[in-house]
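J.: All I have is the shape, not the residue letters:
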């Protein structure tokens, strides 16, 4: 086995320092700090839901129907007497879970498709035609249709939403790959005999991550918004689990006498999505201000 | 009348610049780009402004036109055109002079023309909006201008887009736009640098003819001494944002008094002189934030002495219409009666 | 120019084919049998078999696809299982409502988005810039259906200024039509305007730094004139791209907003069909909207060529 040259090991120290400097710059960006803070707060609430929430989200109490916000029920109660704050937090938990899975799926498949399309010229045209056709369907409609067709479940919602966000993600990855592919160090690697797949994964993809990360942050926001729409329409995750969308849908009938049931979940959606959008903007500014997604 | 110690060419100078200074950066720690620049241009005269990158010559042009991009701003000095003090005017009033009394052509004709607008319209804009012509008259005039700048088939070409023209033609179009203003002063910032050598000669020829024909004063900014030799009546050499030398063209070439000017001339490779290595000037131009305390050129100057590092010398007369910002010709002392202008 | 148009039309054919395939294929995503999914558990096997025959599901796949294409290309989108009428007729009846809603919102979002984005770019770094961008960000983070509900609560219920839903045809009463469209259009506009404003600002910032803007300034042309006639046309390309994307978002958003405001548009039709598993309607409606979206993108491409002459060579 060849000896590892000592300067390769020493070279790690400046690498570490560069990373530290980068992280510092990241946090210094206002949008990242604010957005990231909001997102982390929301995630913390969602993870700690069982300990943080005062009530059981599914427990109904007919004596306490449609109570306005008070000290006992910060967000009031819904038509089954369930505490809205608790349901909103649990709804957030579910929405975040779905959002995260969508990000994962989109990231993986978008990268696969976009990466191959960008790198292997023969695949490019057919793949991009497919993406064009795919993107011809207004995203939310596609998601609604797929979700309805497959049936109500968390998995199916994730599939439906991912299908709506994959093509654009693939486009972005492809664009980065196209740029990097032409760069000289890829040529150099090829000249040294590296195999195509290795070049693709190691060099090209590593350097295409910045736009992908920004895109995936926005995808998270889109997923949360879209999941709310799906739930509102009735093709989201099945009852009785609360999600932002179905709390609003159920509260709609009582909008006049108990607007709080409709208002608070919407505000919650707004806060989460705002945080994610801010984070995405900030990341874009730090990672590559020239990007315009 | 003296200005900055240099005798100007009489009272009827078209453009007078006095003590112009420009900086970049925030108010607390500004970095100097131009400092204490003074000169005058007579009507119909060609002033060549020579300097390397970093000398501030392009900034000078933009300052005269009040087109400085935002972090850069003028901090001192007067600019008078035909007797009117431009620097005392509001931005709006100064703007009125652009495209009428003052015009400018830029270095990169491809990026300096609007890519989605036909060149005819880009010329006619000036005619209609700045000179008040009617649409039809403007179109005729635009064709005539294109003809004058020697673009073939002008009637068809006015409908062309910039990307349909070659580099030389684009620069001619830019000249036509500048001519449309019918200005008294034309500023040309490195007009031929981005062009092929053969086209360069044509464009310069054209500029010379037009300038003589229309009696325009021309400030020709360049780094190329050859261009200056051909075109200019007088030469101003800039170094690190300050004037190094200001003289009639013959004096500049045959009797340069500033060590920097001499070094520039020396570094031109010559066919006759036998040399093994190209002459260069050691060191590099100081950057905006790190100016040496005294004469800017002192660190690289073969004639530098202790006195040179005290303060940057003002431009002092050393002959008829010939000024130099160096204390060496004066025995390393400031001659009597010359006010010392501020240090960095 | 016309060759460009022709080339674009031809290149959209493969996409059109794929779109139609995907729409057709939707029915096959259903786990289990589409017919029995439509009918509930109490259906007899004969009813299921009948429905299958009606939908053509008992034929081999090839035949189904061919006959589907045959029908679609002749304008027949099948029959709604639920409503027992022609899908195409049902859609066409409601299309004007959806399209007018989306169109109004698109025009408003484009006009105000470009206006706000340009103002922000010209005021770069100033507080006008920051406040406009903040408002844009807030707007695009709001869920559209929720905003619609909130607006109903405020304007229809509390203030009583505008109706809380329902539709008045423009031919009947213009005032009534305007009022019934006001809140829905406003909802859609608010949620989409942010995208256009942001893209406009970013594109304008790029353009304002360009040399040709400096040349225009050097000609002594007024700043407003330079922004409008020199900067904006060059900034339009990315803005047009976003507009095309927004159009898709608006078609989808219109669907949701129709639900909230009870407008009888295509969106409500499709959602009703989705909830009752009326596949011919789902397929027909999706196909129609996808084709419209393709057309919009085609128009956007044409506009590229109009604005930027260099595109015509592509």
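T.: Yep, it's here. What you see is a predicted model, and the numbers here were worked out from it, not measured in a lab.

J.: Which residue is the nearest non-sequential neighbour of the residue in the stretch 151-293 of chain A that chain C sits nearest to?
T.: At 3.5 Å from chain C, residue A:266 is the closest residue in the stretch 151-293 of chain A, using Cβ to the nearest Cβ. For every residue, glycine as well, the C-beta is placed using N, CA and C. Distance criterion Cβ to Cβ, 6 or more residues apart in numbering or on different chains; nearest residue to residue A:266, sequence neighbours excluded, is residue C:146 at 3.5 Å.

J.: Please, which helix or strand holds the one you found?
T.: With secondary structure defined by DSSP states H and E, residue C:146 is part of helix C:144-151.

J.: Report the contact partners of the nearest residue to residue A:134 once chain neighbours are set aside.
T.: In space, and not counting its chain neighbours, residue A:134 is closest to residue A:167: 4.2 Å by Cβ to Cβ, 6+ apart. By Cβ atoms under 8 Å, 6 or more residues apart in numbering or on different chains, the residues touching residue A:167 are A:110, A:131, A:134-135.

J.: and residue A:167, what pLDDT?
T.: On pLDDT, residue A:167 comes in at 92.

J.: Could you look up the SS state of it?
T.: Residue A:167 falls in the helix class when you classify it by DSSP: H, G, I helix; E, B strand; the rest coil.

J.: could you check the distance from it over to residue A:144?
T.: Distance, residue A:167 to residue A:144, using Cβ to Cβ, to the nearest Å: 17 Å.

J.: phi, psi of residue B:84?
T.: Residue B:84 adopts backbone torsions of phi -90, psi 130, taken as degrees, to the nearest 10.

J.: what are the bridge partners for it, then?
T.: With DSSP bridges as the criterion, residue B:84 is bridged to residue B:81.

J.: Could you report the neighbour count for it?
T.: 14 (other Cβ atoms under 10 Å in any protein chain shown).

J.: helix, strand or coil for residue B:28?
T.: Going by three-state DSSP: residue B:28 is coil.

J.: and the gap between it and chain A?
T.: 21 Å (Cβ to the nearest Cβ, to the nearest Å).

J.: burial measure for that residue, as a count.
T.: 5.

J.: Now do the same contact list for residue C:129.
T.: By Cβ under 8 Å, 6+ apart, the neighbours of residue C:129 are C:119-121, C:123, C:201.

J.: so what pLDDT did the residue nearest the centre of chain A get?
T.: When Cα atoms, centre = their mean is applied to chain A, the residue found nearest the centroid is residue A:220 (1.6 Å). pLDDT for residue A:220: 95.

J.: pretty sure it is touching residue A:100, no?
T.: Yes - the pair residue A:220 / residue A:100 is scored as a contact, 7.3 Å apart, by Cβ atoms under 8 Å.

J.: on that earlier part again, the contacts of residue C:129 in helices, which ones?
T.: C:119-121, C:201 (DSSP state H).

J.: Residue B:238 is in what secondary structure piece?
T.: Going by DSSP H and E, residue B:238 is in strand B:234-239.

J.: Paired strands for that strand, with orientation please.
T.: Partners of strand B:234-239 in its sheet, by DSSP bridges: strand B:46-50 (parallel), strand B:242-248 (antiparallel).

J.: Of all the ones you listed, which one comes closest to residue B:261?
T.: Nearest to residue B:261, of all the strands paired with strand B:234-239, is strand B:242-248, at 4.9 Å by Cβ to Cβ.

J.: is stretch C:189-203 up against chain B anywhere?
T.: No - figure legend: stretch C:189-203 not in contact with chain B (Cβ under 8 Å from any Cβ of the partner chain); closest approach 13.4 Å.

J.: Can you report how many residues neighbour residue 162?
T.: In the absence of a named chain, this looks at chain A. Counted with other Cβ under 10 Å, residue A:162 comes out at 24.

J.: if you could check chain B rather than the one you did, that'd help
T.: For residue B:162, using other Cβ under 10 Å, the count is 24.

J.: swap in residue B:63?
T.: Using other Cβ under 10 Å, residue B:63 has 24 neighbouring residues.
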